[in-house]
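K.L.:
would you be able to build a 3D model of this:
(4 chains)
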Amino acid sequence: MATTRRTVDVALATTGLDERGRPVRTPLVTDASGSAIAVEEPPMLEPELGGEHMLINIGPQHPATHGVLRLVLELDGETVVRCIPHVGYLHCGFEKIGEYRQYNQIVPWTDREDYLNSIGNNVAFALGAERLFGLEITERCTVLRVIAAELSRIISHLVWLGTTCIDIGAFTPFLWSFQEREKVYTLLESWVGARLTTSATRVGGMAADIPDGWMDGLRAFIGAFPKTIDEVDRMLTKNAIWVGRTIGLGTMTAAEATNYGLSGPMLRASGVAYDVRKDFPYLDYETYDFDVPIGTNGDVYDRFLVRMEELRQSVRILQQAADRLPDGPVNVDDHRVVLPPKSKAMSDMESMIHHFKQVMEGPRPPVGEAYLAVESPKGEKGYYMVSDGTSKPVRWRIRPPSFVNLSAIPKMVEGHLLSDVIAINASIDIVMGEIDR
Amino acid sequence: MSRTYLPVLLLMGFVVFNAILMIGLSHLTMRSRPTPVKQSAYESGIPALGEARERFSVKFYMVAMLFIIFDIETVFLIPWGAYFRNLSCAVPLVNGVCPSGQVSLFGLAEMLVFMAILIVGFVYVWKKGALQWD
Amino acid sequence: MTSSSPVARAGDGGAAGPAPVTPHNVPHRGGPANPTAEALRSRFGDAIRRIDVVWGETTVIVARERLLEIVRWLHDDPEQQYDYLSDVTGVEFRDPEPPLEVVWHLRALSRRRFLRLKVELPRGTPLEVESVWSVYRGADWLERECYDMFGIRFTGHPDLRRILMWEQYREGFPLRKDFPLRGRFSRAEQLRQALAANPEARYSMEELSIADAFEDLPDDMRQRLKAGERTGE
Amino acid sequence: MGLSPRPEPRSAEATGGESWVTTKLDALVNWSRANSLWPMPFGTACCAIEFMATAASKYDLARFGMERMSFSPRQADVLICAGRVPFKLAPVIRRIWQQMPQPKWCISMGACASSGGMFDNYAVVQGIDTIIPVDVYVPGCPPRPEGLLYGILLLQEKVKREHMGDETIRREMEPDPKSGLYIPPAAIDELSEPFGNSVHQTRSGL
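P.N.:
Okay, the predicted model is just below:
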């Protein structure tokens, strides 16, 4: 490679390669606290022949960054020499607010954090909180939560499918996937009242039971949805342009993926069979019969195949859950935690006192801490909550799968062309709300 | 003979007039309100570092030149194709058809020679590795 | 080329005994401990301060000095194989007397084991812990976020700077309990500081040195950097 | 309150002196502008997903001539801020607004963009009208697609009532050099005061 000025400069001023295998380059000299210290002008070198590298921002406001991610790329012509990601442009202090809210008041925060998987987050938070309270939920509530989690996985993968297709150039799958999403939205809206910010669960149960006739709507969706998956499959899986644009990009071997802490489709595409529903089951997932798709090469094409297969497996789980939905109460009848029904609260004195205590102070968990991981569409998601006995958690930590998945982007992107950066970034399926919390 | 060119000239005239009209009108009615930020480069909302007018590596220029060469080669095919019937007939056509037995290979041979020259250039470029991107 | 439908696996996974089941009626304290806890105690002895099992999850509180050694042993030991770092985070309690804690969530994927390591940082001491980046590459951003939110410095981290707030953020560390919910400065001051930063404050030192190496730095920015000033005021 | 970007456009009769030509020209220009607003979707958070649903095929945005999303401010007419804006993003949105050519409008979609919404903490700008002038506020969290479409219709009404000759509408606003803000700091503080039950929800632990 022609010795560009920078490599010459690097050879002079630095001590070789750092552990990341990059030329250790002395910055403009920073002191301990990070502010720059004045340094004298390096001697002028003769102009070299190689092309100059260019620093460009694929910045906060960009159609392909799926939110407000900013990637600073150092480009040699079209090849990415180095990628420096900047996150934090959507940091809204979720974890700080969590320490000022009661447990049932935190549920609306879990929708807005990973807004593609909002009802899935509600389920994850409710499970974590019930582990903290030491509660066992009713059978009907368990199956309803499995239905909610799988519906949420489907709509999250559909947004990923739509936006990835737009990034790589196919616009029609975006309209197909959003058409299917609207059907799921109508289901969620009739159940919970909101399309996107569902806030569907409470500690110890659900906000509302499903209206009658909802199961027919769900069965209709389960019947019609695989046709759309097959349509997209026919259009993309063996499409020469799609395969040409995605094969061999951003490859992560199994060892690297595990070491980088990737999770979900990113990890399974590299061949590591880790699915929280199978390895650390919750909501009786072990009683459902479904498969976990595993890729082999860990590139963008494998992630596409894994997510498409996961859509089909989710439909399979929904089918089994719809068949086995038992009757019975949705909420635990433990007055310490769940509001008594309005009729009882108005009639007998004790329920009124419980109702008053619940509303004024909110349920109080025993002192302790709990972390329950859930298989969210992006990966291993969980809420680590520490409680000191008061009605507000001491610490409400969100384990962000996209944040850890995205931290591997410099390794995946360097060496590829600029247009591949967009395809790799789309394959990670990032949601900035969850990354920046 | 000149009359057959009239429609093309009319079309070209209309196109030029239309372009001048659009650019001129918008130039006249435009009120430009320049501010320092509006003048600076837009790079996804972040002040840009360094400017884009830099020296790029030579391989971009090479690919562009090769494209132009082989593109113009195809451009020459079009008139040849249109006139091919006349070319490959020893005697002038009889109401558009070449009398039997008079078909000559002149038209084809002429283009093959032209193509051969370019194929030699193409093989040279291929072997030199100019088509290799990185 | 992968086959069109990737290999589907019915969930048997590695060896590690029968397929796991959803835990029901988990006891608050004193449930079955993770076998790794005993292995750690036998191996490291006094470095393991305390082992308790809360809601079925084993928590091991280790000494701060030997943390990296323990983590490296957990990762490399063929018997343990904790090859997956799920999370690194800090916890600060409301009343000032309990120490600040740094928590690591580790998983052994092949053995399906979950372990929580904790280090306690008493209030008086400097908030310093060894970085596990050399063992788990995934800890890079997690530790930067923990530093950004709590001010806990991770020694040995290649590039410890703020990740969520902007680098010249001066209000302090947001998740500390003494940091008010709405921030220390008034809204107008927060807005002014956010808007006032110079262009070079938006770039890390690495990018600035790249641009400087290619003579891409505008002159006014170069003078400001030479004078050692990167922010707006 | 907040940034009142423009004085209420003067109604046609008040102008009196407008000749037949200018009002008809105004009507023509405003009609063409209103029906071909190119949105710049500044989508940050959950409202961006609802904005995509509005742009998709069920609640078609193309019916209002707005399906041409321009992601560069140079060809944009409407800045639709869909989602919450943290302080780290404030300079970005202001720079994009300043780089948009006149005539330009701004729709603040969702409660978080209009007033900071439920994010009453150290990290979020309490309403983008403290940074850039906003024309239409769309309430909702996230606003339903119909809500956003209604907001767009309101903006089209506003565009149709403008006068080309009225210079005050199109003046670029200069932030005052000392504080670098558009409106005085006291107004920003007063605007961003917590209101409603957000006042006493800041006691941690009880």
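K.L.:
all contacts plus neighbour counts: C-alpha atoms, from now on.
P.N.:
Will do.
K.L.:
residue contacts, residue 136?
P.N.:
No chain was given, so I picked chain A. Residue A:136 sits next to A:130, A:204, A:332, C:24-25 when contact means Cα atoms under 8 Å, 6 or more residues apart in numbering or on different chains.
K.L.:
please go with chain C instead
P.N.:
By Cα under 8 Å, 6+ apart, the neighbours of residue C:136 are A:259-261, C:84-85.
K.L.:
returning to that earlier point: may I ask which of the contacts of residue A:136 has the most neighbours?
P.N.:
When neighbours are counted by other Cα atoms under 10 Å in any protein chain shown, residue A:204 leads the contacts of residue A:136 with 26 neighbours.
K.L.:
and that residue, what pLDDT?
P.N.:
The per-residue pLDDT reported for residue A:204 equals 91.
K.L.:
wait, doesn't it sit right on residue A:128?
P.N.:
No: counting by Cα atoms under 8 Å, residue A:204 sits too far from residue A:128 to count as a contact (10.7 Å).
K.L.:
before we move on, back to that, I'd like the contacts of residue C:136 as a markdown table, with neighbour count and distance to residue C:46 appended.
P.N.:
Shown next, in a markdown table, are the contacts of residue C:136 (neighbours: other Cα atoms under 10 Å in any protein chain shown; distance: Cα to Cα, whole Å):
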| residue | neighbour count | distance to residue C:46 |
| --- | --- | --- |
| A:259 | 19 | 29 |
| A:260 | 27 | 31 |
| A:261 | 25 | 30 |
| C:84 | 22 | 25 |
| C:85 | 24 | 24 |
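K.L.:
which residue packs closest to residue D:86, ignoring adjacent ones?
P.N.:
Nearest residue to residue D:86, sequence neighbours excluded (Cα to Cα, 6 or more residues apart in numbering or on different chains): residue D:124, at 4.0 Å.
K.L.:
residues contacting the one you found?
P.N.:
By Cα under 8 Å, 6+ apart, the neighbours of residue D:124 are A:91-92, D:84-87, D:116.
K.L.:
what backbone torsions are found at residue D:81?
P.N.:
Here is the backbone geometry of residue D:81 (degrees, to the nearest 10): phi -90, psi 100.
K.L.:
likewise for the one 5 residues further on?
P.N.:
With angles defined as degrees, to the nearest 10, residue D:86 shows backbone torsions of phi -70, psi 170.
K.L.:
residues contacting it?
P.N.:
A:89-92, D:123-125.
K.L.:
can the residues you listed go into TSV with extra columns for pLDDT?
P.N.:
Shown next, in TSV, are these (pLDDT from 0 to 100):
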residue	pLDDT
A:89	94
A:90	95
A:91	95
A:92	94
D:123	92
D:124	93
D:125	93
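K.L.:
nearest to chain B, of those?
P.N.:
Proximity of the contacts of residue D:86 to chain B (Cα to the nearest Cα) peaks at residue A:89, which lies at 11.8 Å.
K.L.:
my read: the closest one touches residue C:164, true?
P.N.:
Yes: if you go by Cα under 8 Å, residue A:89 and residue C:164 touch, sitting 7.3 Å apart.
K.L.:
looking at chain D, which residue is nearest chain A?
P.N.:
Counting by Cα to the nearest Cα, chain D gets nearest chain A through residue D:204, at 4.5 Å.
K.L.:
surely that residue is within a strand?
P.N.:
No: counting by DSSP: H, G, I helix; E, B strand; the rest coil, residue D:204 is not found in a strand; it is coil.
K.L.:
my guess is it contacts residue A:99. True?
P.N.:
Yes: counting by Cα under 8 Å, residue D:204 does reach residue A:99; the two are 6.0 Å apart.
K.L.:
picking up where we left off before, out of the contacts of residue A:136, the closest to chain B would be?
P.N.:
Nearest to chain B among the contacts of residue A:136: residue A:130, at 43.5 Å, using Cα to the nearest Cα.
K.L.:
what touches both of residue D:204 and residue A:99?
P.N.:
Shared contacts of residue D:204 and residue A:99, defined by Cα under 8 Å, 6+ apart, comprise residue A:392.
K.L.:
quick one, which of these two is more surrounded?
P.N.:
residue A:99 (28 against 20).
K.L.:
ok, back up a step: tell me which of the contacts of residue A:136 fall in helices.
P.N.:
residue A:130 (DSSP state H).
K.L.:
could you dump the contacts of residue A:136 to TSV with distance to residue A:437?
P.N.:
Output for the contacts of residue A:136, formatted as TSV (distance: Cα to Cα, whole Å):
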residue	distance to residue A:437
A:130	23
A:204	25
A:332	31
C:24	31
C:25	32
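K.L.:
just to be sure, which of the contacts of residue A:136 are found in strands?
P.N.:
Assignment to strands by DSSP state E places none of the contacts of residue A:136 there.
K.L.:
I'd like to know which of the contacts of residue A:136 is nearest to residue A:375.
P.N.:
residue A:130 (17.2 Å; Cα to Cα).
K.L.:
so how far is residue A:75 from residue A:266?
P.N.:
26 Å (Cα to Cα, to the nearest Å).
K.L.:
between these two, which is the more surrounded one?
P.N.:
Neighbours were counted for residue A:266 and for residue A:75 using other Cα under 10 Å; residue A:266 has more, 32 against 20.
K.L.:
for that one, grab phi and psi.
P.N.:
phi -60, psi -40.
K.L.:
same thing with residue C:49?
P.N.:
The phi/psi pair for residue C:49 (degrees, to the nearest 10) is phi -80, psi -50.
K.L.:
for it, give me its contacts.
P.N.:
C:60-63.
K.L.:
reformat these as a markdown table; add distance to chain B, pLDDT and secondary structure.
P.N.:
Shown next, in a markdown table, are the contacts of residue C:49 (distance: Cα to the nearest Cα, whole Å; pLDDT from 0 to 100; DSSP: H, G, I helix; E, B strand; the rest coil):
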| residue | distance to chain B | pLDDT | secondary structure |
| --- | --- | --- | --- |
| C:60 | 45 | 94 | strand |
| C:61 | 44 | 94 | strand |
| C:62 | 44 | 94 | strand |
| C:63 | 44 | 93 | coil |
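K.L.:
show me which of those neighbour chain A.
P.N.:
Among those, proximity to chain A is found for none (Cα under 8 Å from any Cα of the partner chain).
K.L.:
among the residues you listed, who's most crowded?
P.N.:
Neighbour max across the contacts of residue C:49 (other Cα under 10 Å) = residue C:60, 25 neighbours.
K.L.:
how far away is that one from chain A?
P.N.:
The gap separating residue C:60 from chain A is 13 Å, by Cα to the nearest Cα, to the nearest Å.
K.L.:
please name the bridge partners of that residue.
P.N.:
On the basis of DSSP bridges, residue C:60 is bridged to residue C:51, residue C:117.
K.L.:
surely it meets residue C:117?
P.N.:
Yes: between residue C:60 and residue C:117 there is a contact under Cα under 8 Å: 5.0 Å.
K.L.:
for the closest residue to chain B within chain C, which residues are in contact?
P.N.:
Nearest to chain B, among the residues of chain C, is residue C:216, at 4.1 Å (Cα to the nearest Cα). Going by Cα under 8 Å, 6+ apart, residue C:216 touches B:49-51.
K.L.:
of those residues, which are in range of chain C?
P.N.:
Answer for the contacts of residue C:216 near chain C (Cα under 8 Å from any Cα): B:49-51.
K.L.:
please report how far residue C:166 lies from residue A:94.
P.N.:
17 Å.
K.L.:
quick one: secondary structure of the closest residue to residue C:165 other than its chain neighbours?
P.N.:
Nearest in space to residue C:165, with sequence neighbours left out and distances taken as Cα to Cα, 6+ apart, is residue A:88 at 6.0 Å. Assigned with three-state DSSP, residue A:88 falls in the coil class.
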